[in-house]
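1. test case, fold it:
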Amino acid sequence: MRRSPLAVVAFALAAASLVLPTGADGPGFLFFSAPAIVFAAAAVALFVPPSRASLIALLILVHVAAFCLIGLLGAFATSGPAIGYWCSVIGAWLLAWLAVQRLAALRFKSPNMQRLSNLALPVLFGAWLLILWEIIVRGFGVPTILLPPPSMIAARIAASIPTLWADFQQTFLKAAIAGYAIGCGSGFIAAIVVDRVPFLRKGLLPIGNLVAALPVVGIAPIMVMWFGSYWESKAAVVVIMTFFPMLVNTVAGLAASGAMERDLMRTYGSTYIQTLLKLRLPAAMPFIFNALKINSTLALIGAIVAEFFGSPIVGMGFRISMEVGRMNVDMVWAEIFVAALAGSLSYGLITLIERAVTFWHPSYRT
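-> Okay, the predicted model is just below:
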């Protein structure tokens with residue numbers, strides 16, 4: 001059986017953690033169990049042949065070990081964790097890396113199981129980023145004003161749900177979505193017009209590139225002066241940020257259909273509208289969805305940044321600006337988490353729609 005270098009290094013670190021001091025104040029369940037569980041997980045990874053059963057056992061052991069290592073953080077003296085503890089942490093991280101690597105290599109006959117496996121990979125990867133963040137910040141005593149641990153951010157989220165929901169409604173549901181719909185819709189229509197009127201391609205697109213390069217920090221104060229401090233001015237900023245990516249991508253997509261296909265449509269006597277609807281727009285869909293995915297993140301960024309320059313006493317950008325001034329960094333990170341979650345879900349939803357619409361594209365063939 002070929003042994004993984006990750007398993008060998010993790011086993012050596014786990015064995016060292018059993019004899020080296022951890023720095024904990026006295027014996028206890030976590031004091032003994034954390035290094036022992038890491039050692040057991042390393043033994044499974046090193047000596048048990050790779051299989052689905054051994055992978056499940058490795059995943060269970062390494063996450064139980066992570067739970068114990070986090071729980072052990074409260075048992076250290078003022079000097080903090082010693083070398084034995086960090087050997088356990090590094091060993092557990094290497095074992096988690098190995099488990100994710102083996103999970104990525106698995107292939108299931110059931111499509112549902114394969115999708116579940118593909119979903120588990122980023123979940124496990126993200127979970128270990130949070131685990132390492134928690135352990136490193138608390139283990140090295142990083143001041144919370146610089147970087148709070150995830151547990152502190154989670155506690156702030158749980159205690160501030162009404163405030164976070166109100167900010168989410170103001171920034172995302174009102175400003176970002178309205179600006180996104182108007183900007184993408186108008187960019188798409190303008191692309192159809194540009195494609196139909198050739199001289200606009202040479203006149204409008206260079207201007208579009210110029211406007212797209214304008215900094216949002218320069219546009220936002222002007223929009224606040226024009227439309228007021230409520231969500232309308234933020235939506236206007238989002239429109240400017242999303243209009244030209246949609247315009248440029250749609251124009252490129254409309255030109256993506258081959259000359260042979262267009263000649264065939266002309267041979268059939270198709271009109272411009274028929275050619276547009278049945279050939280050129282379907283061929284442009286990958287480009288259009290690329291613009292929609294890019295704009296889904298730009299819209300939220302634009303709305304949040306615009307709120308720095310004037311907003312009512314609600315909104316994600318307003319809250320971030322205010323709480324930074326108050327040194328409430330955990331609330332800032334809570335708002336960042338909500339923004340990241342909203343942006344990720346929006347991107348994922350558009351990706352699902354794209355897969356349903358462009359199922360014929362070579363990138364989705366198995």
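2. surely residue 234 forms part of a strand?
-> No - counting by DSSP: H, G, I helix; E, B strand; the rest coil, residue 234 is not part of a strand but helix.
3. residues near it, how many?
-> Residue 234 has 33 neighbours, counted by other C-beta atoms under 10 Å. In this view, the C-beta of every residue, glycine as well, is placed from N, C-alpha and C.
4. cool, residue 339 as well?
-> 23.
5. give the contact list for it.
-> 171, 172, 300, 304, 316 (C-beta atoms under 8 Å, 6 or more residues apart in numbering).
6. so it: helix, strand or coil?
-> Residue 339 - assigned by three-state DSSP - is helix.
7. could you check how far it is from residue 333?
-> 10 Å (C-beta to C-beta, to the nearest Å).
8. let's see which of the contacts of residue 339 end up in strands.
-> Using DSSP state E, no member of the contacts of residue 339 falls in strands.
9. out of these, flag the one nearest to residue 327.
-> Of all the contacts of residue 339, residue 327 sits closest to residue 316, with 18.4 Å by C-beta to C-beta.
10. hmm, the closest one is touching residue 337, no?
-> No - under the criterion of C-beta atoms under 8 Å, residue 316 makes no contact with residue 337, lying 10.7 Å away.
11. tell me how many other residues surround residue 325.
-> Neighbours of residue 325 (other C-beta under 10 Å): 8.
12. in which helix or strand would I find residue 35?
-> According to DSSP states H and E, residue 35 maps onto helix 29-47.
13. packing partners for the helix or strand following that helix?
-> Scanning forward in sequence from helix 29-47 by DSSP H and E, the next helix or strand is helix 52-71. On a contact count with 3 or more C-beta pairs under 8 Å, 6 or more residues apart in numbering; DSSP states H and E, helix 52-71 meets helix 29-47, helix 83-105, helix 111-139.
14. which one of those lies nearest to residue 177?
-> Here helix 111-139 is closest among the helices and strands packed on helix 52-71 (C-beta to C-beta), at 25.2 Å.
15. chain center to the closest one, what's the gap?
-> Its chain's C-alpha centre lies 12 Å from the corresponding centre of helix 111-139 when counted by C-alpha atoms, centre = their mean, to the nearest Å.
16. also stretch 329-339?
-> Worked out by C-alpha atoms, centre = their mean, stretch 329-339 lies 14 Å from the chain centre.
17. how is this structure carved up into domains?
-> 5-142, 158-364 (automatic domain parsing).
18. out of those, flag the one nearest residue 151.
-> domain 5-142 (6.1 Å).
19. got the end-to-end distance for that closest one?
-> 32 Å (C-alpha to C-alpha, to the nearest Å).
20. hmm, back to that, rebuild the domains of the chain as TSV, extending it with distance to residue 148.
-> TSV is the format used below for these (distance: least, C-beta to C-beta, whole Å):
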stretch	distance to residue 148
domain 5-142	7
domain 158-364	5
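21. just send those domains back as TSV, with mean pLDDT too.
-> As requested, the domains of the chain are exported to TSV (pLDDT from 0 to 100):
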stretch	mean pLDDT
domain 5-142	84
domain 158-364	84
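22. between those domains, which one is nearest to residue 152?
-> Of the domains of the chain, nearest to residue 152 by C-beta to C-beta is domain 158-364, at 5.2 Å.
23. stretch 239-252: which residues count as buried?
-> For stretch 239-252, a neighbour-count test (16 or more other C-beta atoms under 10 Å) marks 239-251 as buried.
24. among the residues you listed, which ones are in helices?
-> Those of the buried residues of stretch 239-252 mapping onto helices are 239-251, per DSSP state H.
25. can I get stretch 176-192 as PDB, trimmed to CA atoms?
-> The C-alpha trace of stretch 176-192 is given here as PDB (Å, rounded to 0.1, in the frame of the first residue of the first chain):
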ATOM      1  CA  ALA A 176     -28.700  46.100  -5.100                       C
ATOM      2  CA  ILE A 177     -31.600  44.100  -6.700                       C
ATOM      3  CA  ALA A 178     -33.300  47.200  -8.200                       C
ATOM      4  CA  GLY A 179     -30.000  48.500  -9.700                       C
ATOM      5  CA  TYR A 180     -29.000  45.100 -10.900                       C
ATOM      6  CA  ALA A 181     -32.300  44.500 -12.700                       C
ATOM      7  CA  ILE A 182     -32.200  48.000 -14.300                       C
ATOM      8  CA  GLY A 183     -28.500  47.900 -15.200                       C
ATOM      9  CA  CYS A 184     -28.500  44.400 -16.700                       C
ATOM     10  CA  GLY A 185     -31.800  44.900 -18.500                       C
ATOM     11  CA  SER A 186     -30.800  48.300 -20.000                       C
ATOM     12  CA  GLY A 187     -27.400  46.900 -20.900                       C
ATOM     13  CA  PHE A 188     -28.900  43.900 -22.700                       C
ATOM     14  CA  ILE A 189     -31.300  46.200 -24.700                       C
ATOM     15  CA  ALA A 190     -28.500  48.600 -25.600                       C
ATOM     16  CA  ALA A 191     -26.400  45.600 -26.800                       C
ATOM     17  CA  ILE A 192     -29.300  44.600 -29.200                       C
END
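26. figure out how far it is from the centre of its chain.
-> That offset, for stretch 176-192, works out to 24 Å (C-alpha atoms, centre = their mean).
27. quick one: contacts of it?
-> Contacts of stretch 176-192 (C-beta under 8 Å, 6+ apart): 204, 231, 234-247, 250-251, 254, 276, 288, 291-292, 295-296, 299-300, 302-303.
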